[in-house]
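>>> Can you look at this prediction? I've put the sequence above it.
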Amino acid sequence: MNITPHNKTVVATVLSSLLIAPSVHAVSIYKHDNGDYIDLYGEVGIGGYFGAEYKSDEFYTDKTYIDDSYGTLGIKGLNGDLHYRLEFDLERENWKGGSGDMVTTIDKVYVGYELNNYHYIEAGLTDTAFDDYDKYGDFTFDTTVETGEAGDQDATVKYEGRYPYDIKVGISYSYDGESSSGELQGNIVNGYAGYFGKTFSIVLGLEGRGGSAGESKYGEQRLVGLAMRYSVTQDLTLGFNGFIEKEDIAQNKVAIDITDPEDEKYRFNDYQTLTNEGALISAKYDISQRWQLVGSMNYEAYEKWDRNSEFWDEVEDRWGRSRTWATMGVNFMPTQSSIIAVEGNVGEAAQNVYAYARVYF
């Protein structure tokens with residue numbers, strides 16, 4: 001199943017900054033005195049990227065404007081100690097390798113069980129554990145450093161727990177994980193451990209995948225991520241996000257069966273380890289209950305960008321081994337469950353401006 005990575009985490013980040021969640025403003029379908037319930041929730045959003053840079057390798061086509069309209073409709077509920085969720089997304093396939101069309105995908109199908117007030121497990125199509133915190137230290141929306149963890153995956157089992165001294169831990173296992181374009185990546189394990197205090201928070205994330213054993217370009221991978229938040233004052237919060245990744249990518253492929261142009265089969269080989277890294281510092285300032293200023297300074301480096309590397313992807317007219325850029329944005333929240341925002345970028349960014357309006361229910 002094709003799961004686009006970029007919208008899943010950023011939605012959670014925005015909801016966190018708004019201090020809301022889908023269940024808070026959901027439409028109640030059923031509620032029982034014993035606590036059982038069924039809620040309908042969702043999101044409607046319009047917007048997109050202005051001044052998009054096709055050379056950035058992030059977009060499906062070479063256009064100055066890339067639409068990023070988005071919608072979500074889901075049902076979540078509680079039956080005794082069992083949580084369940086079914087969620088559909090309507091999204092633009094605007095990423096590299098996408099069609100550019102609006103498509104409907106099943107984003108979540110899972111059942112969870114509360115072991116007690118502190119420990120919880122779930123299984124199905126859901127967020128991998130590290131996906132919950134991969135942008136924890138980033139207060140901007142969609143134009144900054146991407147950690148690149150596994151995101152949502154099918155056939156996933158996840159555990160999350162709360163421990164004394166404000167410690168939270170999560171770990172997940174995904175069978176036959178896939179990339180956002182549906183290519184096999186192999187079994188994936190990731191997790192996080194963090195301290196979440198009132199003034200300062202820090203979370204460490206780890207991920208490893210087994211690789212596709214020649215079925216796709218993706219081999220083994222190891223990823224380390226770190227995120228922090230610090231509340232300087234009641235209105236000003238600083239953040240940090242960073243990652244280092246060692247990823248095996250196939251350098252050659254051999255045709256196995258190309259008789260069907262719609263279903264060509266290859267065997268991939270000569271996997272080589274490429275090093276990728278990125279980091280940012282971010283800030284959020286609450287002007288009022290409805291207005292926020294956000295910003296970040298960003299750094300990213302991918303080995304395939306380096307023309308002096310044997311693994312250079314031969315894309316001309318692009319930044320070199322690394323790129324740096326700055327993002328500044330304004331968020332306006334007309335209501336507690338809506339946001340209108342504009343983010344501008346200077347430097348070696350993949351776009352000049354990102355603007356959107358979203359309503360959550």
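Arrived safely.
>>> Next, the buried residues of stretch 318-330.
Neighbour counts over stretch 318-330 (16 or more other CB atoms under 10 Å) mark 319, 323, 325, 327, 329 as buried. Just so you know, the C-beta spots here come from the backbone N, C-alpha and C atoms, and that holds for glycine as well.
>>> Below-threshold pLDDT in this structure: ranges please.
1-25 (pLDDT under 70).
>>> What ranges does it have for its helices?
Using DSSP state H, the helices assigned to the chain run over residues 6-18.
>>> how far away is the residue lying closest to residue 276 once chain neighbours are set aside from residue 134?
Using CB to CB, 6 or more residues apart in numbering and skipping the chain neighbours, the partner closest in space to residue 276 is residue 245 (4.4 Å). Residue 245 sits at a distance of 12 Å from residue 134 (criterion: CB to CB, to the nearest Å).
>>> Mind listing the residues bridging to residue 67?
residue 48 (DSSP bridges).
>>> Would you agree it is in contact with residue 98?
No - in this structure, residue 67 is not within contact of residue 98 by CB atoms under 8 Å, at 11.6 Å.
>>> anything in contact with each of those two?
Overlap between the contact sets of residue 67 and residue 98, as judged by CB atoms under 8 Å, 6 or more residues apart in numbering, is given by residue 92.
>>> Touching stretch 174-190 from outside, list them.
The contact list for stretch 174-190, computed with CB under 8 Å, 6+ apart, reads 1-5, 95, 97-98, 128-131, 149-151, 153-156, 171-173, 205-213, 215-218, 220-221, 223.
>>> Closest one to residue 28 out of the buried residues of stretch 318-330, please.
Taking CB to CB as the measure, residue 28 lies nearest residue 329 of these, at 33.5 Å.
>>> Quick check: bridge partners of the closest residue to that closest one other than its chain neighbours?
Excluding its sequence neighbours, the residue lying closest to residue 329 (CB to CB, 6+ apart) is residue 343, at 3.6 Å. Bridge pairing for residue 343 (DSSP bridges) gives the partners residue 329, residue 354.
>>> how much space between residue 343 and residue 51?
Distance, residue 343 to residue 51, using CB to CB: 12 Å.
>>> Between these two, which is the more surrounded one?
Per other CB atoms under 10 Å, whichever of residue 343 and residue 51 has more neighbours is residue 343, with 25 against 15.
>>> I'd assumed residue 326 was in contact with the more buried one.
No - the criterion here is CB under 8 Å, and residue 343 misses it with residue 326 at 10.6 Å.
>>> number of nearby residues for residue 252?
If we define neighbours as other CB under 10 Å, then residue 252 has 12 of them.
>>> mind checking how far the nearest residue to it once chain neighbours are set aside is from residue 315?
Nearest residue to residue 252 in three dimensions, chain neighbours excluded: residue 270, at 4.5 Å (CB to CB, 6+ apart). Distance, residue 270 to residue 315, using CB to CB: 20 Å.
>>> Residue 41 and residue 237: what is the separation?
Distance of residue 41 to residue 237, given as CB to CB: 26 Å.
>>> no no, residue 212
Residue 212 is 40 Å from residue 237, where distance means CB to CB.
>>> again with residue 45
The span separating residue 45 from residue 237 equals 24 Å under the rule CB to CB.
>>> Same question for residue 200.
Residue 200 is 10 Å from residue 237, by CB to CB.
>>> what about those two, which has more around it?
Between residue 200 and residue 237, residue 237 has the larger neighbour count (other CB under 10 Å), namely 20 against 13.
>>> what sits against that one?
139, 229, 230, 231, 283, 284, 285.
>>> ok, what's across the strand from it?
Residues in a beta bridge with residue 237, per DSSP bridges, are residue 231, residue 284.
>>> what's the burial count for residue 191?
20.
>>> Pretty sure it sits against residue 172.
Yes - counting by CB under 8 Å, residue 172 is a contact partner of residue 191 at 6.6 Å.
>>> Overlap of the contact sets of those two?
Here residue 191 and residue 172 share the contacting residues 129, 130, scored by CB under 8 Å, 6+ apart.
>>> Show me which of residue 245 and residue 134 is the more surrounded one.
Neighbour totals were compared for residue 245 and residue 134, and residue 134 leads with 31 against 20 (other CB under 10 Å).
>>> correct me, but that one touches residue 147?
Yes - the criterion here is CB under 8 Å, and residue 134 meets it with residue 147 at 4.2 Å.
>>> Determine the residues that are contacts of both of the two.
Here residue 134 and residue 147 share the contacting residues 205, 225, 241, 243, scored by CB under 8 Å, 6+ apart.
>>> ok, the second one - how many residues close by?
The one in question is residue 225. Quick note: residue 225 (other CB under 10 Å) scores 26 neighbours.
>>> One more: the one 5 residues further on?
Close neighbours of residue 230, defined as other CB under 10 Å, add up to 15.
>>> Contact partners for it?
Residues near residue 230 by CB under 8 Å, 6+ apart: 199, 200, 201, 237, 238, 239.
>>> So it versus residue 168, what's the distance?
Distance from residue 230 to residue 168, by CB to CB: 17 Å.
>>> Who are the contact partners of the residue nearest to residue 276?
By CB under 8 Å, 6+ apart, residue 245 lies in contact with 148, 221, 222, 223, 224, 275, 276, 277.
>>> For the shared contacts of residue 134 and residue 147, name the two members farthest from one another.
It's 205 and 241 that sit farthest apart of the shared contacts of residue 134 and residue 147, by CB to CB, at 10.2 Å.
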